[in-house]
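Chemist: Below: sequence and its predicted model.
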Amino acid sequence: MSTFSSASVKDDKSYRKETLRKNYFRFATTAAVVAALMSATSCATPPATNARPAAECRQLDAQLPWPGEVREQLQKTIDAHSSCTGTARGDKAPVAIFDWDNTVVKNDIGYGTNFWMLRNDKVLQPANKDWKSTNRYLTDAAAKALAVACGTDTPAGQPLKTSSNTECADEILAILEDKTRSGEPAFEGFNARHLIGAYAWGTALSAGYTEEQLGGFALAMKQENLLAPEGSMQTVGSQQVDGYIRIYPQMKDLIGVLQAHGIETWAVSASPEPVVKAWAGEVGIDAGHVVGVRSVYEDGIQTSHLKGCGGIPDGEDSVMTYIEGKRCWANQVIFGVEGPSAFEQLPAERRQILAAGDSGTDVTFVADATEARLVVNRNNAEIMCRAYDNEDGKWLITPMFIDPKPQRSEPYPCSTKGYTNPDSSKGPVLREDGSLIPDQTDRVH
């Protein structure tokens, strides 16, 4: 058996103590290096702990037809800004904005509500029986034509008998298309990049009701139009008008996939807001994510006046969700921009990543999208000029999913009269750098 002196025991304890000390400092040094490396990369947002491969996140339905590579490009955009794949960055969710009429649905819910109201005697005789009170841009010729067709026997604020008074219904329908039945201009004097008279007047036709009542009209119209056979027409006055509305399955699927990836979806429409709210839930967009034409209400009753945007006061009636006005309302409501700067394009990091539309009404807010700009081809010159020019490769085009438009026989007149000027005249469509977009052949139809 070995024996140890007190000195050897002391030396052994000293050795162990020194070993422990060295190991401690070695560990501490390693930990410091790791901490330094983590600190050096802390400016980058770490991947989400629940991040998954894109294939394991909801994908666009492969059974729903899209043209060319549109589905793949949309999915690529979604996967690159996804809370599911862990590619989303920043504190706020990315945003996608959709026009509604003829973008998310086939046909127009604003006009559909006007048709329903005419068939059901819901349009009221205007104040003082003066049609000029319904819209400040209504021409004298249009006001006179309405007074003659609809008469003055009905007291102000009472329903006009448009279900039986064919003349009255027909005149209203004609003016909704911007001219009197005799062909005279129905509206004048507005900035055509901020508002269009006929759309604003279509909203004013529901003046005199509460928001809840108008929503009820929209729900009744929705039920009728969803049940009507695809392609059907209805009679209003003596005219045949669209009698059905359908939700595009591709758009409903796209909105659902965006939401599944944590991308905030909005509807921004030139139809009255209560009407859009009655429909938006059909594709999973809640009422709090709807921006439509907003009217001024007094004591809970809708007036014929419009709310303002971009520093324009309520009741001035000079802006609505139309072209630059649509950008203004999107910037003001969705992105919180106040004052005149709401009319300006925001910095890229503050804008929507995806936008979808079908007409010149939508061209500005769709062009503002930073990653994908989806256009449903309805042969509208200004938006199709920009989409076909595709300056930066981010424009995507699809034909209408139901009853698509035929190919336009002549090129779009981009170089001469594809652009709508503020005074409603036509001019050339220019790129951001001021260069001219040449005429474009219609290729996706």
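Modeler: Cool, the structure landed.

Chemist: Using the three-state scheme, assign Ser304.
Modeler: Here Ser304 is recorded as strand under DSSP: H, G, I helix; E, B strand; the rest coil.

Chemist: Burial check on the nearest residue to it once chain neighbours are set aside, number of neighbours?
Modeler: Spatial nearest neighbour of Ser304, excluding adjacent residues (CB to CB, 6 or more residues apart in numbering): Ala204 at 3.9 Å. Where you see a C-beta, it was placed from the backbone N, CA and C, and this is true even at glycine. Per other CB atoms under 10 Å, the neighbour tally for Ala204 reads 23.

Chemist: Identify the residues contacting Ala204.
Modeler: Contacts for Ala204 were tallied using CB atoms under 8 Å, 6 or more residues apart in numbering; they are 134-135, 295, 304.

Chemist: just the residues you listed now: which is nearest Pro406?
Modeler: Pro406 has its nearest neighbour among these in Asn135, at 34.3 Å by CB to CB.

Chemist: which strands and helices sit next to the top strand by length along the chain?
Modeler: Looking across the chain with DSSP state E, the single longest strand is strand 264-272. Here strand 264-272 touches strand 95-98, helix 109-119, helix 197-204, helix 249-260, helix 273-280, strand 290-293, helix 324-333, going by 3 or more CB pairs under 8 Å, 6 or more residues apart in numbering; DSSP states H and E.

Chemist: Contacts only, for the nearest residue to Pro53 once chain neighbours are set aside.
Modeler: Distance criterion CB to CB, 6+ apart; nearest residue to Pro53, sequence neighbours excluded, is Thr85 at 7.2 Å. Neighbour list for Thr85: 51-54, 57, 79, 261 [criterion: CB under 8 Å, 6+ apart].

Chemist: rerun at 6 Å
Modeler: 51, 54, 57, 79 (CB atoms under 6 Å, 6 or more residues apart in numbering).

Chemist: Mind checking which of those land in strands?
Modeler: Using DSSP E, none of the contacts of Thr85 sit in strands.

Chemist: Now tabulate the residues you listed in TSV and tack on distance to Gly427.
Modeler: What follows is these, written out as TSV (distance: CB to CB, whole Å):
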residue	distance to Gly427
Ala51	48
Ala54	43
Cys57	45
Asp79	39
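
Chemist: Can you say which of these are buried?
Modeler: Taking 16 or more other CB atoms under 10 Å as the criterion, what is buried in the contacts of Thr85 is 51, 54, 57, 79.

Chemist: Make JSON lines from those and add distance to Tyr244 and pLDDT to it.
Modeler: As requested, the buried ones among the contacts of Thr85 are exported to JSON lines (distance: CB to CB, whole Å; pLDDT from 0 to 100):
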{"residue": "Ala51", "distance to Tyr244": "43", "pLDDT": "78"}
{"residue": "Ala54", "distance to Tyr244": "37", "pLDDT": "79"}
{"residue": "Cys57", "distance to Tyr244": "35", "pLDDT": "94"}
{"residue": "Asp79", "distance to Tyr244": "35", "pLDDT": "96"}
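
Chemist: thinking again about what came up before, looking at the contacts of Ala204, which is nearest Gln234?
Modeler: For these, the nearest to Gln234 is Thr134 (24.0 Å; CB to CB).

Chemist: Go ahead and confirm that closest one touches Ser304.
Modeler: Yes. Contact criterion CB atoms under 6 Å: Thr134 and Ser304 qualify, at 4.9 Å.

Chemist: on that earlier part again, and the residue nearest to Pro53, how far is that from Glu56?
Modeler: 9 Å (CB to CB, to the nearest Å).

Chemist: intersection of neighbour lists for these two?
Modeler: Common neighbours of Thr85 and Glu56 (CB under 6 Å, 6+ apart) do not exist.
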